[in-house]
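task: produce atomic coordinates for the following.
(2 chains)
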Amino acid sequence: MKNAKTVYPFTAIVGQEKMKKALILNVINPLLGGVLIKGEKGTAKSTAVRALAELLPERTQVEGCIFGCDPYDKSGMCITCLKKLEVNVKLNEVKGKMKVVDLPISATEDRVVGTLDIEYAIKKGEKKFEPGILAQANRNILYVDEVNLLDDHIVDVLLDSAAMGVNTIEREGVSFSHPARFILVGTMNPEEGDLRPQLLDRFCMVVNVTGERESEKRMEVIKNRLEFEKDSEAFAKKWKSKQQELRNRIKKAQELLHEVTYDDSILEMAARTSIEMEVDGHRADIAMIKTAMTIAAFNGRNKVLNSDLLEAAELVLPHRMRRTPFEEGIFNMSRVENVIGQTHQG
Amino acid sequence: MRGRALQVNYDYVFPFAAIIGQEKAKKALLLNLINPKIGGVLLSGEKGTAKSTLVRGMAVLMKGMKVINLPLNTTEDRLIGTIDIEKTITQGRRSFQPGILKEAHGNILYVDEVNLLSEHLVNCILQVASSGLNKVEREGISVVHPCQFVLVGTMNPEEGNIRSQFLDRFGLFVEIKGCEDLYERKEIIKRRLEYERSPLDFIEKWRLETDVLSQQIKAAKKYLSKVQVSDNVMKLAAELAKEANCAGHRAELVIIETARAIAAYEKRSNISVGHIKEAAEYTLPHRKREKTTKQELPPETPEMEEQKESNEQQSKQPEEYEPSDQAEQEEESEAEQQEDPNTLEPKQQEDGNSEVKDKKEENDEMSIDQIDDIGRTFIVKNLDIKAIDRKKRKGEGKRIRTKTDAKKGQYIRYKIPKNKLQDIAFDATLRAAAPYQAIREKKGLAITIDNSDFREKVREKRTGSTIIFIVDASGSMGAKKRMSAVKGAIVSLLTDAYQKRDKVGLIAFRKKEADVLLNITRSVDMAEKCLKTLPTGGKTPLSAGLFKGYEVIRTAQKKNPDMLPIIVLVSDGRTNASINGGDPFEEAMEIAKKIRMEGIRSIVVDTEQGFIKLGIAKDIANALGALYCKLEELEGEQLAEAVRQCAIDCNY
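As a prediction, the model looks like this:
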């Protein structure tokens, strides 16, 4: 993608540590399942997501494949690549960067899931599938700004694909399916209405952001911003080493992630926490462990500690509490601490 | 890519055998594999309980039987099949391109989030399911092919319900819950992580178990024809179905088929009472109906429509209510003295969690404001039907679907454009043009399109309704913690609105005027916050409240002509302040009539209490053409459904 304009550096964002952490964790481990950032206007939500693009690591993908298939993962491959493998055609590898793919809320369904290629049909009289946003989003970050304002039927499609990792198209004369494994990142302003619980549950984590309260921090925000606007390139240069540092850390964490192990007691704590907090289903347990593992890797450890789990719980649980829509603040961190502390001693 | 359903990564799904718990769901799915005559299963449960994983895992178990996925955004042409553009153009002959239904024949048709499936597609499926044939008559194609499938659906009931006719098509029903056992939960996490780390290795690890299961099914399938169905078994099945008061005869048939499968699975040639009972557990839950008292009729199936109508007519006749004397009303409305403490329905208050602030009984016309806490809330049940409307209703469902003219919404099928072409359906246009390509002059292109070929998209959009709450916050409502109960009721309704993605607005009238506390928004949370701090006190300017509501709706309608506005008036109707200084009651009636003329549907919740009831709210309700109900009747019952029903009526 052409990115001529300099993006605000991720590391230059003041505060909002939890949000930054959540985003980074998702980059390290794409299997986590995304993050929803909730907060009022002007809290650097979108800036952070856009800035993330700069930090995204390189990975190998099949050359010329529109879905950017991983040449080593048969389970997530598109049909074209699979067929090539079947007849022993070698898949050429190229390095490609992970992308942030935008899903504008005005997007129509045919653009999201893909549709019949009209031009091709008229010129050639043959049908061809024209891939949509979900095709682009495969192995990338799918970013939905104002996700709570998304049309219901688009949300349904997203849910479908997010759940299966596959986008199935049976429309407008086209029958096709392709891998659509993406990291779903959404931002929303809760004043505009809430998200459906089903979609909410698909986000691995939810982070609430608020504006900085300390005047010192606020000043820093203004200062950075003004500096950036005055000369964005100089600003970017200034933060270059910090950016590189974080990039390296992400890369290391990615490598380390495969080695991260956890004790049985950690598993037990996660399960116990979910039972204690009465969350729906099992997604929370799994998300908690995966997040804790990623946190451990980010911290350069190959073993999950209780503190990792606690941190993970804070990101993963609050939006999964079984609740009626209006009850607030049932999420009680001390209860989680209790569980995690208790099991630790025992 | 024609005709082939490319099923990416179905071979790499989480192995069925590795799924922990959910024994009932597993068994239901297996029974369907053994005996497809059962007709499918619906798995209903909260999110994250392996519903979809189960179904996808099942696909691998049976050779020769596939799971055909029906995505929610399927268009009609792909579902039932249509003209094959390529062949038609190249060969100049109309040829048929089969749709999903053709593939589904003899297989499993799987719909994830089945409760969100477009109404139109549901109708298509129902039609095919009942005849076992797919008749395609479109675009000059006339094809009939057999189409029998096992219908498998998964749904999260939080997202809405399924109409009963469709529900009945699912042979079995299983409710799924997450498991609470610590050990099992741990194991679930472990296996999932292991799978994610390397799907192929994990599948390989479970290969043996998977094969054993496949063998079992195969053996049971063979054994099935040996299972005898005795008269006694049939009788028992029929009795069970009768006891559950099921409509039609599908229930007992499914019980027997299921019992056969269970017996075959256990390799027994006779069906035992135990088998039948087990079968009934899967078969009856979604078919069970309460014994027919009038308001507990099940959701309508077409055959029942008539019956219901006559019911409604009967119910309309005895009006238990004589509108009271006008003169009396005027005086009475000022002083709000309830002599009889018993008339206040204790229901609303006795349950513990109504944290009503202790406050002195203010027993007269108050000038001091008071703020009541939100009283006890409850879940507004989905009542199936109520004799609310006079018109025959065609639609059903939690969310209302409207056909929209705007270019938004889901494209479900095409039509021939009436006026200027706006939203072209390319695929349909191409199909219409395809047969004529051989004879048309082409200008270097493969296809020439004529004016007569153009087709337009028909889109369907789920719109929630827009519910304007007009709440009486006058002094009279403050008495006896009445407001607290009212707030509880409104919050319950808001909860319901939230689930259905309705928009809400909140207007309160008190003292001399009506205030828009919350303009129309999707944020139900905000509405609740506004409500929390709503004080009561002062006079009752009912007409001002109604007028404000009317204004708000009019403005909103300008922005969004598609909206379905509903007014919910919560008041005792004892108005005593007018906008123009005239007679307050007359004025309110005037405005009410006007609202009715505009076609805005409404509901009046009467909060009147006390020994002497004036029934003014009822008069207002009549003028509004509104559904009328008392606050006490609201709980767990009809209001939410009434709101929905209202919306459906104005839609059709």
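
can you classify the residue in the stretch 1-150 of chain B that chain A sits nearest to by secondary structure?
For the stretch 1-150 of chain B and chain A, the shortest gap (CB to the nearest CB) falls at residue B:48, measuring 2.5 Å. In short, each C-beta sits where N, CA and C put it, glycine included. Using DSSP: H, G, I helix; E, B strand; the rest coil, the structure places residue B:48 in coil.

for residue A:313, same thing?
helix.

what about it, how many neighbours?
27 (other CB atoms under 10 Å in any protein chain shown).

surely it meets residue A:272?
No. Here residue A:313 does not reach residue A:272: they are 11.1 Å apart, not a contact under CB atoms under 8 Å.

what pLDDT is listed against the residue of the stretch 1-150 of chain B closest to chain A?
pLDDT for residue B:48: 76.

re earlier: list the residues that contact both of residue A:313 and residue A:272?
Overlap of the contact sets of residue A:313 and residue A:272 (by CB atoms under 8 Å, 6 or more residues apart in numbering or on different chains) is empty.

thinking again about what came up before, give the contact list for the residue of the stretch 1-150 of chain B closest to chain A.
Residues near residue B:48 by CB under 8 Å, 6+ apart: A:201, A:280, A:281, A:282, A:283, A:284, B:178.

so the residue of the stretch 151-300 of chain B found nearest chain A, which of the three states?
Per CB to the nearest CB, residue B:185 is where the stretch 151-300 of chain B lies closest to chain A, at 3.6 Å. Here residue B:185 is recorded as helix under three-state DSSP.

what's around the residue nearest to it when sequence neighbours are not counted, how many residues?
Using CB to CB, 6 or more residues apart in numbering or on different chains and skipping the chain neighbours, the partner closest in space to residue B:185 is residue A:271 (3.6 Å). By other CB under 10 Å, 29 other residues sit near residue A:271.

confirm residue A:271 sits in a helix?
Yes. Assessed with three-state DSSP, residue A:271 lies in a helix.

my guess is it meets residue B:180, correct?
No. Using CB under 8 Å, residue A:271 is not in contact with residue B:180, being 9.7 Å away.

and the strands in the stretch 201-346 of chain A, which stretches?
Ranges of strands in the stretch 201-346 of chain A, per DSSP state E, counting those that start in this stretch, are A:205-209.

show me what residue of it gets nearest to chain B.
Of all residues in the stretch 201-346 of chain A, the one sitting closest to chain B is residue A:281 (2.5 Å; CB to the nearest CB).

from residue B:187, how far out is the residue nearest to that residue when sequence neighbours are not counted?
Once flanking residues are discounted, residue A:281 sits nearest to residue B:48: 2.5 Å by CB to CB, 6+ apart. Distance, residue B:48 to residue B:187, using CB to CB, to the nearest Å: 16 Å.

helix or strand: which one has residue A:36?
For residue A:36, the element it lies in under DSSP states H and E is strand A:35-39.

quick one: is that strand near chain B?
No. Applying CB under 8 Å from any CB of the partner chain, one finds strand A:35-39 separated from chain B by no less than 11.8 Å.

what packs against the following helix or strand past that strand?
Later in the chain than strand A:35-39, the nearest helix or strand by DSSP H and E is helix A:45-55. On a contact count with 3 or more CB pairs under 8 Å, 6 or more residues apart in numbering or on different chains; DSSP states H and E, helix A:45-55 meets helix A:17-28, strand A:35-39, strand A:100-102, strand A:141-145, strand A:183-188, helix A:240-257.

now do the shortest one, average pLDDT.
This means strand A:100-102. On average, strand A:100-102 scores 89.

low-confidence ranges, the stretch 51-200 of chain A, go.
Along the stretch 51-200 of chain A, the parts satisfying pLDDT under 70 run over A:193-194, A:197.

show me where it has its helices.
A:79-86, A:109-113, A:118-124, A:133-137, A:152-164, A:197-202 (DSSP state H, counting those that start in this stretch).

what's the domain layout of chain A?
In terms of domains, chain A is parsed into A:10-57+A:98-209, A:264-345 (source: automatic domain parsing).

figure out which of the ones you listed is closest to residue B:232.
Residue B:232 lies closest to domain A:264-345 among the domains of chain A, at 41.7 Å (CB to CB).

could you check how far the closest one is from the centre of its chain?
Between the centre of domain A:264-345 and the centre of its chain there are 19 Å (CA atoms, centre = their mean, to the nearest Å).

tell me the secondary structure for the residue lying closest to residue B:542 once chain neighbours are set aside?
With CB to CB, 6+ apart as the criterion, residue B:542 has its nearest non-adjacent residue at 3.5 Å, and that residue is residue B:575. Taken by three-state DSSP, the conformation at residue B:575 corresponds to coil.

my guess is the residue of the stretch 201-346 of chain A closest to chain B contacts residue B:47. True?
Yes. Counting by CB under 8 Å, residue A:281 does reach residue B:47; the two are 5.2 Å apart.

which residues do the two both contact?
Listed as contacting both residue A:281 and residue B:47 by CB under 8 Å, 6+ apart are residue A:201.
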